[in-house]
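**Student:** Return a 3D structure for these sequence lines:
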Amino acid sequence: MCGRRQTRTCFPFMVNNKSDLSAKLSLLYLSIMVSPVITGYYRYTDIFFEWHQALPEADRSPLRASLAQDAFVHPDHPLHKEGVDGAELFLGTLQSFETRLLFSSAQVEYLRYWLHAMGLTKNLISLPYSDCLLTESSLRHVSPVTFKTKDELKGALKQIEKNNKRLKGADPMLKTRREIFERVRAFWAEKIGVWCALDFEAWDRDHTMLTEFGWSFVRWIDGQQVEEQGHLIVKEYRHYTNTFVQNHREHFSFGDSELVNRTTFRTRIQNLLADLQKDGPLFLIFHDNNQDIKYLKSPTVNADLPNLNFLLPDAKPDSGVFVLDTSDLFAALEGEGGHNRRSLERVCRHLQVPTSFLHNAGNDAHYTLLAMKEMASGDPLDMQREKRWPNRTGNISHPTAPQTGAGVKVKFEPWEEDSDYSDMEGVGPVIDKSKPEEQEA
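**Tutor:** Okay, here's the model as predicted:
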């Protein structure tokens, strides 16, 4: 490991002759386009701290200057990507489940050509050792991340190191949930297929009597999101009222409910699912899927879903039906490795998704989709968790205690867990009203 002392230097990419720069970059672009490029990634630390040490003395300073963190986040940096607000790197998860910040091989290749084309290095500098290259098979998943400032980049490096220590010996279920979370993010970013949240409501005295069905889906047409929601009420059971669960079937918030008989109820659901499978992969989204999938397979619905996949593939799928569960996605985000599942209401509250009239099948389906979108469209898991709930994991009660194996479970405050929690609770001493001497006059 080389010394990490930073030195002041001019950014080599800040030049005045824009026309000369444009001509050189055109030649650079051509030379790269005809050069073979190996798809893979390099650890940020290998590139930042080690690469220059293998170079001749004269080539070290230009490379180090171009990789300096304040230079790297500058909008005129040669690796700045058009349309990206900030400097782009990649966050990858190794087969060991440890996370690393990465450069792509294309970025490394471009940078060495750029330095030579600009006359900053006499010869084309050599690539890092091939042993440093991480191929796709070395990584569970990779996703782009951006940094607008030097402090953001430095903070991310520190947080990655902390998270890797805290996840030592993590529960296998948590590791699986984390991997699914990142695959969902990757597939969502690809804008593929249809993402449809479903929900059923049944009479709480007899769960074979399905009273409602709701759906909410997103698909892409010419790159634009197209959404649809719907809510069906079974005519024969309209006047069955629940005893233990709230009755909100008449309060669909995202359109008009449709009153249908049992036969039409089944046919509409079957046709909906058949139609949604025509546009590539179908991602069925539930909140705690066990009961809803039983309803889909029941004689009342008899949905044609012979090959449901409960695990997402490594690569982007072209077809198939895949089950996603927002209770598992949120468990990954909050660092829960056990069997505790949050209710939809609590998940939405923690994600700051406003809700009303839950236990209406149409509303529940829509809020389930919104919760999924909120997580899938956010940053990579650990970065997203820290942005939502900063410094709430590990041994937060004892900051100087060892963090290895401390876990990444978010410690929520009581008022975050209970919407009815009073702001005054816990402020003063608890007075036992059963003891007369403690009662106030």
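
**Student:** could you pull out the helices for the stretch 301-441 of the chain?
**Tutor:** In the stretch 301-441 of the chain, the helices defined using DSSP state H, counting those that start in this stretch lie at 326-334, 344-350, 361-376, 381-388, 414-417.

**Student:** Counting neighbours, what do you get for Glu190?
**Tutor:** For Glu190, the neighbour count with other Cβ atoms under 10 Å is 11. The way it works is simple: take the backbone N, C-alpha and C, and place the C-beta from them, glycine included.

**Student:** What residues does it make contact with?
**Tutor:** By Cβ atoms under 8 Å, 6 or more residues apart in numbering, the contact list for Glu190 reads Lys316.

**Student:** Spatially nearest residue to Leu134 (excluding sequence neighbours)?
**Tutor:** Nearest-residue entry for Leu134: Tyr41, 4.7 Å, with adjacent residues in sequence omitted and distances by Cβ to Cβ, 6 or more residues apart in numbering.

**Student:** With Glu336 instead?
**Tutor:** In space, Glu336 is closest to Lys409, 6.3 Å off (Cβ to Cβ, 6+ apart).

**Student:** Mind listing the residues bridging to the residue nearest to Leu134?
**Tutor:** Beta-bridge partners recorded for Tyr41 (DSSP bridges): Ser104, Leu134.

**Student:** Against Asn289, how distant is it?
**Tutor:** 34 Å (Cβ to Cβ, to the nearest Å).

**Student:** Next: Ala186.
**Tutor:** Counting by Cβ to Cβ - Ala186 and Asn289 are separated by 21 Å.

**Student:** Also Trp195?
**Tutor:** 14 Å.

**Student:** Just want to know which of the two has more residues nearby.
**Tutor:** For Trp195 versus Asn289, neighbours defined as other Cβ under 10 Å are more numerous around Trp195 (28 against 20).

**Student:** helix/strand/coil for the more buried one?
**Tutor:** What DSSP: H, G, I helix; E, B strand; the rest coil gives for Trp195 is strand.

**Student:** Quickly list what it is bridged to.
**Tutor:** Val218, Phe283.

**Student:** That one is in contact with Phe217, isn't it?
**Tutor:** Yes: counting by Cβ atoms under 8 Å, Trp195 does reach Phe217; the two are 6.3 Å apart.

**Student:** Touching both of the two, which residues are there?
**Tutor:** Contacts common to Trp195 and Phe217, judged by Cβ under 8 Å, 6+ apart, are Leu369.

**Student:** Tell me where the model's unsure across this structure.
**Tutor:** 1-38, 394-406, 419-441 (pLDDT under 70).

**Student:** Quick one: the strands in it, in order.
**Tutor:** Per DSSP state E, the chain carries strands over the ranges 41-43, 87-94, 99-104, 133-134, 139-147, 194-203, 206-221, 224-234, 258-260, 282-286, 308-309, 321-325.

**Student:** Near Phe200, how many other residues are there?
**Tutor:** Neighbour number of Phe200 under other Cβ under 10 Å is 25.

**Student:** Could you check how far it is from Leu370?
**Tutor:** As judged by Cβ to Cβ, Phe200 and Leu370 stand 18 Å apart.

**Student:** again with Thr176
**Tutor:** For Thr176, the distance to Leu370 - Cβ to Cβ - is 24 Å.

**Student:** And the two? Which one has more around it.
**Tutor:** Counted by other Cβ under 10 Å, Thr176 and Leu370 do not tie: Leu370 has more neighbours, with 18 against 15.

**Student:** okay but that one is in contact with Gln352, surely?
**Tutor:** No: at 10.6 Å, Leu370 does not count as touching Gln352 under the criterion of Cβ under 8 Å.

**Student:** With adjacent residues omitted, what lies nearest to Thr93?
**Tutor:** Arg140 (4.4 Å).

**Student:** wait, Arg341
**Tutor:** Nearest residue to Arg341 in three dimensions, chain neighbours excluded: Ser327, at 4.3 Å (Cβ to Cβ, 6+ apart).

**Student:** before we move on, what about Asp256?
**Tutor:** Closest residue to Asp256 apart from its sequence neighbours, by Cβ to Cβ, 6+ apart: His231 at 8.0 Å.

**Student:** ok, that neighbour to Arg112 distance?
**Tutor:** Going from His231 to Arg112 by Cβ to Cβ gives 58 Å.

**Student:** Looking only at neighbour counts, state which of those two leads.
**Tutor:** Each of His231 and Arg112 has its neighbours counted (other Cβ under 10 Å); His231 has more, 27 against 22.

**Student:** got a list of what that one touches?
**Tutor:** With contact taken as Cβ under 8 Å, 6+ apart, His231 is in contact with 212-214, 252, 254-258, 360-363.

**Student:** Quick check: bridge partners of it?
**Tutor:** Beta-bridge partners for His231, by DSSP bridges, are Gly214.

**Student:** Count residues in the vicinity of the closest residue to Asp70 other than its chain neighbours, would you?
**Tutor:** Excluding the flanking residues, the one nearest Asp70 by Cβ to Cβ, 6+ apart is Lys150, at 4.7 Å. Lys150 has 16 neighbouring residues, counting by other Cβ under 10 Å.

**Student:** From Glu182, how far out is the residue nearest to Thr93?
**Tutor:** 8 Å.

**Student:** For the two, indicate the residue with more neighbours.
**Tutor:** Comparing Arg140 with Glu182 by other Cβ under 10 Å, the one with more neighbours is Glu182, at 21 against 18.

**Student:** quick one: contacts for the residue lying closest to the more buried one once chain neighbours are set aside?
**Tutor:** Leaving aside its sequence neighbours, Glu182 sits nearest to His141 (Cβ to Cβ, 6+ apart; 4.6 Å). By Cβ under 8 Å, 6+ apart, the residues touching His141 are Gly92, Thr93, Glu179, Glu182, Arg183, Ala186.

**Student:** could you redo the last one with a cut-off of 7 Å?
**Tutor:** Each residue near His141 by Cβ atoms under 7 Å, 6 or more residues apart in numbering is listed here: Thr93, Glu182, Arg183, Ala186.

**Student:** now, among those residues, which is nearest to Asp222?
**Tutor:** Ala186 (21.7 Å; Cβ to Cβ).

**Student:** how much space is there between the closest residue to Thr368 other than its chain neighbours and Ile221?
**Tutor:** Excluding the flanking residues, the one nearest Thr368 by Cβ to Cβ, 6+ apart is Ala197, at 4.1 Å. Computed as Cβ to Cβ, the Ala197 to Ile221 distance reads 19 Å.

**Student:** what does Phe244 give?
**Tutor:** From Phe244 to Ile221 the distance is 42 Å (Cβ to Cβ).

**Student:** now do Trp195
**Tutor:** Taken as Cβ to Cβ, the span from Trp195 to Ile221 is 14 Å.
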